[in-house]
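Enquirer: 3D model of this:
(chains A, B and C)
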Amino acid sequence: MIELKNVTKEYGRTVALNDFSITIGQPGIYCLLGRNGAGKTTLLKTIAGHIAATSGAVMVNGKAVDMLAMPDDVFFVETGAAQFNIRLTDLFSAAAKINPAFDMDFAREMARRFDLDMKKRFKQLSFGMKAMASTLIALSSGREILILDEPVLGFDPVMRKVFYELLQESCAVKSRTVIVSTHIIDEIEKVAEQLMIIDKGQLKLYCDINEVDEKAYSVIGSAEYVKAATEGLNVIGETSAGGFLSQYIYDKRIDAGEGYDLSSLNLQDFFIAIVGGEKEALQ
Amino acid sequence: MKESVIGMAKVNWKNSKTAWLITAVIFLSAGVAYYIMAIFIDYFLGDVIALGNFLYAAPLFLAIFVPAQNFSKLMHLGGNRKNFFRSALITYVPVAAGASLVSILTHMILDALLTSAGMIGSSLDLLNGFGFMEHGSVVAFFQMTVFLLFVSCAAHTLTLIQGHWYGWVCDGLIIAVICVFTPIEPLRGALVWFWNMAIFHEYAIVQIVFCLVLALAIYAASLVPIKSKRI
Amino acid sequence: MRMSITKQNRKDDGDEKRMKALNNDKPVFVQIIEMIEDDILSGTYGMDDLIISTPQISKLLSVNPTTAQHAISILTDRGIIYKKRGVGMAVSENSREMILKERKDVFFKRAVPDFIDGAKKIGITGDELLQVVKENLND
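Expert: So this is what the prediction gives:
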C-alpha cells in the first residue's frame, strides 16, 4: 500500500509535484501516463525514496519513506540505470545477494525467453537489452511493489510484446503491485488494470481502466446537435471543423441520436483529450 | 535486512576491481620489483621497503571507490541507503584486517628469512616505524588493523562529502591544518599529540581505542552525505 | 451459417480477427458480452457448455484481461453464465430465454420507436410503413 499525502516537490523554482495525494492499495498493474515533464519520474522516485519530497508525507506499507529509510518493499528501476559492468550471470547473483527473496530460476528462464546473453557484460548490451536486464532483476527481486520508469524505451516490438506477457505472468504468480510509466499507450492499455494520469504535477485522473472503456467516447456531428446531446455531460475536450464538432466525453454513455454519431475513445485519444489542452487552445 | 547488508558487502568485495587493480599494480611494480632488484642487483645495497606495506593501499582505495563507484550500482540492484551505510563498514573491516595480517606475516616470515639469508639488507617497515612490533605481533596486528580502519573511514567520509559545501570546508581545513599547524610551534604540539595517540602511543591499548573511536566517529558522520547522495 | 467469433479453433490470428470483431461504436466489454450472447442464441454454445475463458478472450481479441473479466462478471451477475467449479464458466439453463427477452425489450422499446420516428421524419405515413413491413416480411 502506497500513500502520498499533499506531496509537493520543488526543484528550485520548478514545481514537479504540486500538492499530490494518492492511495495505491489493491495489487495489480498500474499504468502511469503523463507528458514529458508532467512529474512522472519525480513521483516514482519519491515513492522509492530516491529523492525526498519538499513537503507532504509518503508512506509505503505504513512506514514513512525518506531518502535514508528507502522502502524495503519497493524495487525501482530507473531509465538508463547504470549497473556493474560484469557478466549478466554475475550481475544476477549480485542482485540475489542484495535481495534475499530473489528468484534465480525465474530470472534465468526470463533471460532465456528474451534471448538475453548471460555471458555478455552489461556494457556490451544494447540500450534496450540493458533496460531488459535491469527490469528482469526487478521482476525477480521478490519485492511486493515494482516501479518501472519507462521500461519499454529501447525495446523492439517483439521485446515489448514478450515484456507485457511477462509482466502479466509475474503478477499472476505472485500478488504484487507494479507501476509502469510509458508513452506507448495502446500497448499498456491491454495490460494495465488501473490508470493514473498526471499533468503539471497533479493527479488528473485515477481510475479502473475499464472505466475508460465504459465512459470515454466522442460525439461527432453538426455543432448544434452535438451540443444539445452532450448537455450536462462531462466534456473533456473538443475539436471543430466547419460546422462540425467533435466532443470528447468522460461520463455515462448516451444513445445514438439524430445529427450525431458516437464513437469510443481509445486510451491514447482519451489521454490526449485530457492533457493535450485542445479545448484550451480553442478558447 | 541483515542478509542484504552482508550481501552488499560481498558485492563490494567482488566488484571493486579498480581498488584491487591499483593495489596489485603498486604491490607488483613497487614492492615485488624492489625486492627482485635488491636481491639480484647489488647496486641497491639490499635495502627495501617492506612488501606488506604496499597492501595498505587496498583498504584506502576500497574506501574511495566503494562510495564513489559502487553506491549507485548497489542502489540499482535494489539496495538502499541505510543498508549501504551499514554495509560499507563491513566491507572495510576484513580488508583492513587482511592487509594488516598479511603484512605482519610477510614481515615475520619472508622478510626475516630473506634478511637472515643475506639476500636483502634491512627492510623499512611501517610496523617498525610506528613501533607496533615492539608490542608483539598479535598486538601489532590489532594496532595496524585499527589504524588502517581509521584510514578507510577517513577516506570513505572524505569521498562522500566531496561536492557538498561542508566537503569543501573540510578539504580546506585539512589543507590548513597541514600548512599552518606544522610550522607554528604551539599548534604543531597538537599535531604531535594527535599522531602520538593515533600511532606512536606507548600503550597499545590507548592507540587501539583512540583509532577505533575516531574511525567510528568519522564513519558515523558519513550518514549525512549518504542520506542526500544522488543515486 | 454465421461464423462464431468467440468459439473457434484457429490460433494466432487475433489481430486480424479483432479488425472484424471489434468496432468503435460501443465499449469493448459490451461488445464482448454481445459476442457471447450471439453465440448462445445461435446455438454455438448449448446449455452447460463451457464458454471461452477470460485469457482466451483477451488473447483472441487483443483486449485487456480486466475488460474481458468485466464482461464475464456482468454475464455472471445477470445469470446468463455460471461458475463451474474448477473448470470455468458455463452457459446457464435458461440463458437463451433471458437473452431473447432482453433483446426483445430493446427491440420494442428502442429499435421500433426509432424506426417509426425515422419514417415519420421523412414523411412516410403509417399505412405506407405497414405496407413496407409486410412486403419485406414476404421476401
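Enquirer: residues contacting stretch A:203-212, please?
Expert: A:20-22, A:31, A:189, A:192-198, A:250, A:265, A:267, A:270, A:274-275, C:29, C:64, C:66-67, C:70 (CB atoms under 8 Å, 6 or more residues apart in numbering or on different chains). For the C-beta atoms, the positions are set from N, CA and C on the backbone; glycine is no exception.
Enquirer: show me what counts as buried in that stretch.
Expert: The neighbour-count check on stretch A:203-212 (16 or more other CB atoms under 10 Å in any protein chain shown) flags A:Leu203, A:Lys204, A:Leu205, A:Asp208, A:Ile209, A:Asn210, A:Val212 as buried.
Enquirer: looking at the residues you listed, which is nearest C:Glu93?
Expert: Using CB to CB, A:Asn210 is the member of these that sits closest to C:Glu93, with 28.6 Å.
Enquirer: tell me the spacing between that closest one and chain B.
Expert: For A:Asn210, the distance to chain B equals 33 Å [CB to the nearest CB, to the nearest Å].
Enquirer: once you drop chain neighbours, what's closest to that residue?
Expert: Spatial nearest neighbour of A:Asn210, chain neighbours left out: C:His70 (4.8 Å); criterion: CB to CB, 6 or more residues apart in numbering or on different chains.
Enquirer: and that neighbour, what does it touch?
Expert: Residues in contact with C:His70 (CB under 8 Å, 6+ apart) are A:Asn210, A:Asp213, C:Phe29.
Enquirer: I'd like those as TSV, with secondary structure and pLDDT appended.
Expert: Shown next, in TSV, are the contacts of C:His70 (DSSP: H, G, I helix; E, B strand; the rest coil; pLDDT from 0 to 100):
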residue	secondary structure	pLDDT
A:Asn210	helix	93
A:Asp213	helix	90
C:Phe29	helix	93
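Enquirer: closest one to B:Ala198 out of those residues, please.
Expert: A:Asn210 (68.5 Å).
Enquirer: quickly note the distance from the closest one to A:Asn234.
Expert: Distance of A:Asn210 to A:Asn234, computed by CB to CB, to the nearest Å: 17 Å.
Enquirer: count of residues packed around residue 111?
Expert: Defaulting to chain A. 19 (other CB atoms under 10 Å in any protein chain shown).
Enquirer: other chain: chain C
Expert: Neighbourhood size, C:Ala111 [other CB under 10 Å]: 12.
Enquirer: hang on, the earlier thing: among the buried residues of stretch A:203-212, which are in strands?
Expert: Counting by DSSP state E, the part of the buried residues of stretch A:203-212 found in strands is A:Leu203, A:Lys204, A:Leu205, A:Asp208.
Enquirer: which one of these is nearest chain B?
Expert: A:Leu203 (24.8 Å; CB to the nearest CB).
Enquirer: before we move on, the earlier item: buried residues in the helix or strand where the residue nearest to A:Asn210 lies?
Expert: With elements taken from DSSP states H and E, the one containing C:His70 is helix C:65-77. Buried residues in helix C:65-77, counting neighbours by 16+ other CB under 10 Å, are found at C:Pro65, C:Thr66, C:Thr67, C:Ala68, C:Gln69, C:His70, C:Ala71, C:Ile72, C:Leu75.
Enquirer: show me the strands in chain A, by range?
Expert: Using DSSP E, the strands of chain A run over A:2-11, A:14-24, A:28-33, A:55-60, A:63-64, A:74-77, A:145-149, A:177-181, A:194-199, A:202-208, A:216-222, A:235-241, A:244-250, A:260-264.
Enquirer: can you give the strand pairings for the second one, parallel or anti for each?
Expert: Sheet pairing of strand A:14-24 (DSSP bridges) gives strand A:2-11 (antiparallel).
Enquirer: next up, the contacts around the closest residue to A:His183 other than its chain neighbours.
Expert: Leaving aside its sequence neighbours, A:His183 sits nearest to A:Glu150 (CB to CB, 6+ apart; 7.3 Å). Under the criterion of CB under 8 Å, 6+ apart, the neighbours of A:Glu150 are A:Thr79, A:Ser181, A:Thr182, A:His183.
Enquirer: count the neighbours of the closest residue to B:Gly78 other than its chain neighbours for me.
Expert: Nearest non-adjacent residue to B:Gly78, counting by CB to CB, 6+ apart: A:Asn99, 4.8 Å away. Neighbourhood size, A:Asn99 [other CB under 10 Å]: 23.
Enquirer: A:Asn99 and A:Leu139 touch, don't they?
Expert: No - A:Asn99 is beyond contact range of A:Leu139, at 11.3 Å (criterion: CB atoms under 8 Å).
Enquirer: most centrally placed residue in chain C?
Expert: C:Glu34 (2.3 Å; CA atoms, centre = their mean).
Enquirer: contacting residues for it?
Expert: C:Glu34 neighbours (CB under 8 Å, 6+ apart): C:Lys26.
Enquirer: tell me the pLDDT at it?
Expert: Looking at C:Glu34, its pLDDT stands at 93.
Enquirer: where's it, which helix or strand?
Expert: Assigning secondary structure by DSSP H and E places C:Glu34 in helix C:28-41.
Enquirer: ramachandran angles for A:Lys119?
Expert: Dihedral pair for A:Lys119: phi -90, psi -10, per degrees, to the nearest 10.
Enquirer: how is whatever residue of chain B ends up closest to chain C assigned, secondary-structure-wise?
Expert: Proximity of chain B to chain C (CB to the nearest CB) peaks at B:Gly78, 28.2 Å away. At B:Gly78 the chain is in coil, as set by DSSP: H, G, I helix; E, B strand; the rest coil.
Enquirer: ok, it - how many residues close by?
Expert: A count of neighbours around B:Gly78, defined by other CB under 10 Å, yields 27.
Enquirer: go on, B:Lys2?
Expert: If you count neighbours by other CB under 10 Å, B:Lys2 ends up with 9.
Enquirer: ok, now A:Met129?
Expert: Neighbour number of A:Met129 under other CB under 10 Å is 20.
Enquirer: got a list of contacts for the helix of greatest length in chain A?
Expert: Longest helix in chain A, counting residues (DSSP state H): helix A:157-173. By CB under 8 Å, 6+ apart, the residues outside helix A:157-173 that reach it are A:27-29, A:106, A:110, A:113-114, A:128, A:132, A:135, A:139, A:151-152, A:155, A:176, A:178, A:180, A:184, A:187-188, A:190-191, C:65.
Enquirer: filter the residues you listed down to just the buried residues.
Expert: A:27-29, A:106, A:110, A:114, A:128, A:132, A:135, A:139, A:151-152, A:155, A:176, A:178, A:180, A:187-188, A:190-191, C:65.
Enquirer: contact partners for the residue nearest in space to the middle of chain B?
Expert: In chain B, the centroid-proximal residue (CA atoms, centre = their mean) is B:Leu148; its distance is 3.5 Å. Going by CB under 8 Å, 6+ apart, B:Leu148 touches B:Tyr56, B:Pro59, B:Leu60, B:Ala96, B:Ala99, B:Ser100.
Enquirer: report the two of the residues you listed separated the most.
Expert: Top of the distance list for these (CB to CB): B:Leu60 and B:Ser100, 12.8 Å.
Enquirer: comparing those two, which residue is more hemmed in?
Expert: Taking other CB under 10 Å, B:Leu60 and B:Ser100 do not tie; B:Ser100 has more neighbours (26 against 22).
Enquirer: number of nearby residues for the spatially closest residue to B:Ile49 that is not a sequence neighbour?
Expert: The shortest distance from B:Ile49 to any non-neighbouring residue, by CB to CB, 6+ apart, is to B:Leu124 (5.0 Å). Applying other CB under 10 Å, we find 12 other residues in the vicinity of B:Leu124.
Enquirer: phi, psi for B:Leu124 please.
Expert: Residue torsions, per degrees, to the nearest 10, at B:Leu124 are phi -80, psi 120.
Enquirer: my guess is it meets B:Ala38, correct?
Expert: No - contact between B:Leu124 and B:Ala38 fails when scored by CB under 8 Å: they sit 11.4 Å apart.
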